[in-house]
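>>> test case, fold it:
(2 chains)
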Amino acid sequence: ETGVTQSPTHLIKTRGQQVTLRCSSQSGHNTVSWYQQALGQGPQFIFQYYREEENGRGNFPPRFSGLQFPNYSSELNVNALELDDSALYLCASSLEERSYNEQFFGPGTRLTVL
Amino acid sequence: ILNVEQSPQSLHVQEGDSTNFTCSFPSSNFYALHWYRWETAKSPEALFVMTLNGDEKKKGRISATLNTKEGYSYLYIKGSQPEDSATYLCASYGNKLVFGAGTILRVKS
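Residues are numbered from 1 along each chain as shown, chains lettered A, B, ... in the order given. Prediction:
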């Protein structure tokens, strides 16, 4: 059984650029959630995808967008990068979108915006 | 309580000590409470998911309790070991998973 993987591990971008982060969910999982973790804070919910549809969104602007593919892997896209977007981005997959299903996290992508 | 709050922020204990952390969460619109352990350079790993008031879960030396009416959960570690050193995150599921900032535990041998 393959765990959740994310790519790339680290990324450096400049303000105004666009970035795409990728996540492969654990085998058999159809739900992927994305989180942003800034220094000293807990992970903040960005959005969730369930069976290729967005299934909930946190307080993030529209320049944060995502996709889920038929194999349930997912992408997070951020346009017009700002300095405050510098953070660790985590994705997590779960068996279904139920509240009681534990989430399996990837190792994260560290994004630095200069 | 509007947000998920964890205390203490950090904790340093000696090997063999028992310790506990607190997670406070909004008691309205509650569906589940998650606990995760996050070791340095690894991914967060689920410890427990609890849904019912009065629920208690145990895994080895670690246990957790849940009070949904007053909106709190306790995580207990009995006989702490250096390998228990990690950040412990709790998260409340209303219509989305909301995390606290975590409790950093350091166990000295």
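>>> let me see the mean pLDDT of the helix or strand residue A:66 falls within.
Secondary structure assigned from DSSP states H and E places residue A:66 in strand A:64-68. For strand A:64-68, the mean pLDDT works out to 97.
>>> ok, residues contacting the helix or strand following it?
Per DSSP H and E, the first helix or strand lying C-terminal to strand A:64-68 is strand A:74-78. Contacts to strand A:74-78, defined as C-beta atoms under 8 Å, 6 or more residues apart in numbering or on different chains, come from residues A:18-23, A:25, A:32, A:34, A:46, A:49, A:63-69, A:85, A:89, A:91, A:111. Yep, even glycine has a C-beta here, placed from its N, CA and C like the rest.
>>> are any of the residues you listed buried, and which?
Buried subset of the contacts of strand A:74-78 (neighbour count, 16 or more other C-beta atoms under 10 Å in any protein chain shown): A:19, A:21-23, A:25, A:32, A:34, A:46, A:49, A:64-66, A:68, A:85, A:89, A:91, A:111.
>>> can you pull out the strands in chain A?
A:5-7, A:10-13, A:19-24, A:31-37, A:44-50, A:53-57, A:64-68, A:74-78, A:87-94, A:104-105, A:109-113 (DSSP state E).
>>> okay if I get the ones you listed as TSV plus distance to residue B:60?
Output for the strands of chain A, formatted as TSV (distance: least, C-beta to C-beta, whole Å):
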stretch	distance to residue B:60
strand A:5-7	28
strand A:10-13	34
strand A:19-24	30
strand A:31-37	27
strand A:44-50	29
strand A:53-57	33
strand A:64-68	35
strand A:74-78	33
strand A:87-94	23
strand A:104-105	20
strand A:109-113	31
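>>> for residue B:21, find the nearest of these.
strand A:31-37 (18.8 Å; C-beta to C-beta).
>>> next, the angle strand A:74-78 makes with that closest one.
40 degrees (axes from the mean of the first three to the mean of the last three C-alpha atoms, to 10 degrees).
>>> tell me which other helices or strands strand A:31-37 touches.
strand A:44-50, strand A:74-78, strand A:87-94 (3 or more C-beta pairs under 8 Å, 6 or more residues apart in numbering or on different chains; DSSP states H and E).
>>> for residue 3, give me its contacts.
Looking at chain A here, since you left the chain open. A:26, A:104, A:106, B:43.
>>> not quite, I wanted chain B
B:26, B:98, B:100.
>>> please, which helix or strand holds it?
Using DSSP H and E, residue B:3 falls outside every helix and strand.
>>> which parts of stretch A:78-98 are buried?
Here stretch A:78-98 shows A:78, A:81, A:85, A:86, A:87, A:89, A:90, A:91, A:92, A:93, A:94, A:97 as buried, counting by 16+ other C-beta under 10 Å.
>>> please read the previous query as pertaining to stretch A:46-60.
A:46, A:47, A:48, A:49, A:50, A:55, A:58, A:60.
>>> burial check on the closest residue to residue A:58 other than its chain neighbours, number of neighbours?
Nearest non-adjacent residue to residue A:58, counting by C-beta to C-beta, 6 or more residues apart in numbering or on different chains: residue A:45, 3.9 Å away. Per other C-beta atoms under 10 Å in any protein chain shown, the neighbour tally for residue A:45 reads 21.
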